[in-house]
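Asker: quick check, what structure comes out for this input:
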Amino acid sequence: MPAPRVAMLPEVAAQRHALADLLDTLRRDEWTAPSLCLGWTVHDVLAHLTLSTRQSTAGMVLRILRARGDFDRAEARAARERAAAHSPAMLTAQLRETAALDRRVGVSSSWDPLVDVLVHGQDIARPLRRRLPTPPELAGPALQHVWSNVFYGRPSRRLHGVRLVATDAAWAEGAGPEVCGTAGDLLLLATGRSVSASGVTGPGVGEAAARLRS
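Answerer: Residues are numbered from 1 along each chain as shown. Reported below is the predicted structural model:
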């Protein structure tokens, strides 16, 4: 039997369904609200989440080439184009339909779909002050995957000089004044969200904020 393309697929599917349930409750004006992704609306983030099970590797590479090698710009353009073409209700239905699909873009890691749904779920929920729990047993492995990953900007280097300590999981990395939070909070910090958005505390928060700004 071939190895799964998506790590922890049942758990990823459950998180996608939980997010879809939350999305069903949003008001019309909330879809155009800013997410934690700079320049992305809530609608844009949802559109991005539906791409992971639909886009081809060749299509992604072509978009990156058109964006002159800028991956972030290519992904932002693809998300906005998809948001313009599909209503929130259609995208929410698509998220549910492919929640358990064992598919990812070829250039990505098997752990990226887990990171994607955990982080982008909070990108939507937190600015809207909606509750979407991040299970520590999922956030811990996602955080470990992200920590030294070049694709995520190598957080271990970007946050050098502070020690991140999870309050709900056996995870800690780095050296220096402590930055404390749930594994979900630290996952947001490691993927570039601000200290205020991630909700972390501790004597190292100021240093972490400065590192992220630089």
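Asker: residue 165 is in what secondary structure piece?
Answerer: strand 163-166 (DSSP states H and E).
Asker: elements contacting that strand?
Answerer: For strand 163-166, the packing partners by 3 or more CB pairs under 8 Å, 6 or more residues apart in numbering; DSSP states H and E come out as helix 136-147, strand 172-174, strand 178-181, helix 183-190. From N, CA and C alone the C-beta is placed, and that goes for glycine too.
Asker: adding mean pLDDT, write these out as JSON lines.
Answerer: Below are these laid out as JSON lines (pLDDT from 0 to 100):
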{"stretch": "helix 136-147", "mean pLDDT": "97"}
{"stretch": "strand 172-174", "mean pLDDT": "97"}
{"stretch": "strand 178-181", "mean pLDDT": "98"}
{"stretch": "helix 183-190", "mean pLDDT": "98"}
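Asker: domains in this structure, as residue ranges please.
Answerer: Structural domains annotated on the chain: 9-125, 136-213, as defined by automatic domain parsing.
Asker: out of those, the one nearest residue 3 is which?
Answerer: Across the domains of the chain, residue 3 has its closest neighbour in domain 9-125 (7.8 Å, CB to CB).
Asker: what mean pLDDT does the closest one have?
Answerer: Confidence for domain 9-125, expressed as mean pLDDT, is 91.
Asker: straight-line length of it, end to end?
Answerer: End-to-end distance for domain 9-125, by CA to CA, to the nearest Å: 22 Å.
Asker: next, count neighbours for residue 2.
Answerer: Neighbour count of residue 2, defined by other CB atoms under 10 Å: 5.
Asker: for residue 103, see how far away the nearest residue to residue 82 once chain neighbours are set aside is.
Answerer: Of all residues not flanking residue 82 in the chain, residue 47 sits nearest, at 3.9 Å (CB to CB, 6 or more residues apart in numbering). Counting by CB to CB, to the nearest Å, the separation of residue 47 from residue 103 is 17 Å.
Asker: same check, this time on residue 15
Answerer: 16 Å.
Asker: how about the contacts made by residue 118?
Answerer: Residues counted as contacts of residue 118 (CB atoms under 8 Å, 6 or more residues apart in numbering) are 15, 134, 138, 139, 142, 184, 187.
Asker: just those residues now: which is nearest residue 120?
Answerer: residue 15 (10.2 Å).
Asker: what's the local residue count around the closest one?
Answerer: Residue 15: 23 surrounding residues under other CB under 10 Å.
Asker: does it touch residue 115 like I think?
Answerer: No: in this structure, residue 15 is not within contact of residue 115 by CB atoms under 8 Å, at 10.8 Å.
Asker: ok, residue 47 and residue 103, which is more surrounded?
Answerer: Between residue 47 and residue 103, counted using other CB under 10 Å, residue 47 has the larger neighbour count: 25 against 13.
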